[in-house]
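S.K.: what would the 3D arrangement of this be:
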Amino acid sequence: MKIYISSAETGLTSKKRLSIAKKSTDPKELSRLAYDNAPSVRLAVLRNKHTPKNVIDQLLRDLVNDKNASVRAEIASKTNDPEILAQFADDPSWAVRWEVALKTKDREIFAKLADDEEWRVRLAVARGTDDPDILAQLADDEDSQVREAVAWQTKDPEILAKLADDANKVVRMAAASNTIDDDLFAKLADDPDWEIRGIVARRTSDPDIIAKLADDEDERVRESVAWKTKDPEILAQLADDENWRVRMEVAKQTNDPDILAHLADDENADVRWVVAHRTDDPDILAHLADDENADVRIEVVQRTDDPDILAQLADDPNWGVRLEVAKKITDPNILAKLADDKDAPVRQTARKRYEPARSNSTESRRPPQSDWSIPLYSINNYSEIEREITKVISDAANKFARKYMGESAQVVVAPGAYDSSTGVVKIHIGDNTYTIDVEDILPPATSKQRKRDCVKTLVAWMQNNLPAATDETMTMM
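M.R.: Below you'll find the predicted structure:
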């Protein structure tokens, strides 16, 4: 059979033939190009998913002696023929032998390639075989990556014990990560490298080893002990560790209320936050409600349902804490107070939740009038009220009244309802006191200045143009 087809025979450049080999779906065309003179074209045919299986099988036999190493390597990666793999195990190209080491499961081929001059071939053998004799041989390999691969692959305690003494830290780390032998863990607990001792701390269950590593000189090892152990005595010891990360890990792992109570007084705010996040103890949460750190107090709000704690934190100096209270609390009296909070996010959240909370309440609650207010723009030198704006305000104010009092409600505003010195307008409906929210009663403004003008006009109109209220109507006082 003539194997190679030249450019002269096809009338196409090698670049064009390569493009066809990559994109073609025609079996005949791919079969012809499989014997192209250019190695890149032959490779493209082998890799083309549209090349028929029978063509691939034939190519694997016909191109086994291909002059190009890349083609032979591709064949080695695709074939399962033991004779071809055995032949390629002696190939002059390490890339071909490497593909064989990745593909084969044959012990004789593994044994031959374990002596290969190329370390990448030996590495592939170490990762692929489970033969104890071959792995024992490769445990003495001159390349540390090969020895590391053996440490990950073997389950032989003797091989792992040998690699636990390896001069290379990465090899010892692999041995520590793969063994389950407490004797080997005890040996590695004295390793000079903290990372290896840390691996031991996280993997061993031997109480003596854990107790020893709880006193390790490196805080990262002690942190690993805190992560692993459930021993209350060791956790109590580490709760007093000089390193805050160790103490924080204790807070993450323990459920002991005494240890958590102790850590609730920790000097580090992150440790106290973890305590707040994990505990359900009402006394600890009450204690942390007075914490100097706002993030800790916010976490207390999220963890507790205690009405006394929530009521206390509703007066917190930090607006983020009060906001979390506004999101969670259902007490209408506290929501009423927060609805007049000096910070807008708190006010807005409380107002959205106040009416549902009030309607679900079994008691009649009247929010303190002094607590219900909304600051408006300072009013000076009112301009003449335009007729169209007056109509907008009148319609909007009555719509607001109907929303809360029923379809028959009307708005009547007493003169002097607005106090220009405080910037406050209060609304009384029956026995309850509310505020008019500008966003509720004013239509969307086309600009910030227009909205400001609408607010001024609303207040001026209320002061000067509406008659005194009667007992049957809503009154702005």
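
S.K.: quick one: residue 43 and residue 72 touch, right?
M.R.: No. Residue 43 is beyond contact range of residue 72, at 10.4 Å (criterion: Cβ atoms under 8 Å). In short, each C-beta sits where N, CA and C put it, glycine included.

S.K.: give the contact list for the nearest residue to residue 279 once chain neighbours are set aside.
M.R.: Using Cβ to Cβ, 6 or more residues apart in numbering and skipping the chain neighbours, the partner closest in space to residue 279 is residue 260 (5.1 Å). Going by Cβ atoms under 8 Å, 6 or more residues apart in numbering, residue 260 touches 251, 254, 275, 278-279, 281, 284.

S.K.: now residue 235
M.R.: 226, 229, 250, 253-254, 256, 259.

S.K.: quickly find the element holding residue 56.
M.R.: Assigned by DSSP states H and E, residue 56 falls within helix 53-62.

S.K.: which strands or helices does that helix pack on?
M.R.: Secondary-structure packing of helix 53-62 (3 or more Cβ pairs under 8 Å, 6 or more residues apart in numbering; DSSP states H and E): helix 27-33, helix 39-47, helix 69-78.

S.K.: buried residues in stretch 191-209, which are they?
M.R.: 191, 194-204, 209 (16 or more other Cβ atoms under 10 Å).

S.K.: let me see the ranges of the helices in the stretch 1-150 of the chain.
M.R.: 7-10, 14-23, 27-33, 39-47, 53-62, 69-78, 82-88, 94-103, 107-113, 119-128, 132-138, 144-153 (DSSP state H, counting those that start in this stretch).

S.K.: mind listing the strands for the protein?
M.R.: For the chain, applying DSSP state E gives strands covering 411-413, 426-429, 432-435, 474-476.

S.K.: between those, which gets the lowest average pLDDT?
M.R.: Ranked by mean pLDDT, these bottom out at strand 474-476, which scores a mean of 37.

S.K.: picking that back up, quick one: which of the helices of the stretch 1-150 of the chain is nearest residue 344?
M.R.: helix 144-153 (57.9 Å; Cβ to Cβ).

S.K.: which residues does that closest one contact?
M.R.: 119, 122-123, 126-127, 129-130, 135, 138-141, 159-160, 163, 166, 168, 170-171, 174-175, 177-178.

S.K.: if we go to 7 Å?
M.R.: 119, 122-123, 126-127, 130, 135, 138-139, 141, 159-160, 163, 166, 168, 170-171, 174-175, 178 (Cβ atoms under 7 Å, 6 or more residues apart in numbering).

S.K.: buried subset of the residues you listed as a PyMOL selection?
M.R.: Buried residues among those (16+ other Cβ under 10 Å), as a PyMOL selection:
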select buried, resi 122+123+126+135+138+139+141+159+160+163+166+170+171+174+175+178
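
S.K.: just to revisit the earlier point, so which of the contacts of residue 260 are in helices?
M.R.: 251, 275, 278, 284 (DSSP state H).

S.K.: what distance do you get for the third one to residue 285?
M.R.: When you say that, I think you mean residue 278. To residue 285, residue 278 is 11 Å away according to Cβ to Cβ, to the nearest Å.

S.K.: burial measure for the closest residue to residue 283 other than its chain neighbours, as a count.
M.R.: Nearest residue to residue 283, sequence neighbours excluded (Cβ to Cβ, 6+ apart): residue 261, at 7.5 Å. When neighbours are counted by other Cβ atoms under 10 Å, residue 261 registers 15.

S.K.: what do you get for residue 45?
M.R.: Neighbours of residue 45 (other Cβ under 10 Å): 29.

S.K.: so how far is residue 234 from the closest residue to it other than its chain neighbours?
M.R.: Leaving aside its sequence neighbours, residue 45 sits nearest to residue 34 (Cβ to Cβ, 6+ apart; 4.4 Å). Remark: distance between residue 34 and residue 234 (Cβ to Cβ) = 68 Å.

S.K.: same check, this time on residue 41
M.R.: Distance from residue 41 to residue 234, by Cβ to Cβ: 67 Å.

S.K.: those two: who's more crowded?
M.R.: Using other Cβ under 10 Å, the more surrounded residue of residue 41 and residue 234 is residue 41, with 24 against 21.

S.K.: the residue nearest to residue 45 contacts residue 42, correct?
M.R.: Yes. Here residue 34 lies in contact with residue 42, judged by Cβ atoms under 7 Å, at a distance of 6.1 Å.

S.K.: more crowded one of the two?
M.R.: residue 42 (26 against 23).

S.K.: right, and the more buried one touches residue 72 too?
M.R.: No. Judged on Cβ under 7 Å, residue 42 makes no contact with residue 72 at a distance of 10.5 Å.

S.K.: sorry, back to before: out of the ones in helices among the contacts of residue 260, who's nearest residue 54?
M.R.: residue 278 (64.6 Å).

S.K.: show the pLDDT at the closest one.
M.R.: 95.

S.K.: gap between it and residue 318?
M.R.: Counting by Cβ to Cβ, the gap from residue 278 to residue 318 is 22 Å.

S.K.: higher neighbour count, those two?
M.R.: Ranked by neighbour count (other Cβ under 10 Å), residue 278 and residue 318 place residue 278 first, with 18 against 15.

S.K.: surely the residue nearest to residue 283 meets residue 284?
M.R.: Yes. Counting by Cβ under 7 Å, residue 261 touches residue 284, with 5.5 Å between them.

S.K.: what does the helix holding residue 56 contact?
M.R.: 1, 3, 27, 30-31, 34, 46, 75, 78-79, 84.

S.K.: do that again at 10 Å, thanks
M.R.: 1, 3, 27-28, 30-31, 34-35, 42, 45-46, 48, 51-52, 66, 71, 74-76, 78-81, 84 (Cβ atoms under 10 Å, 6 or more residues apart in numbering).

S.K.: sounds good, over and out.
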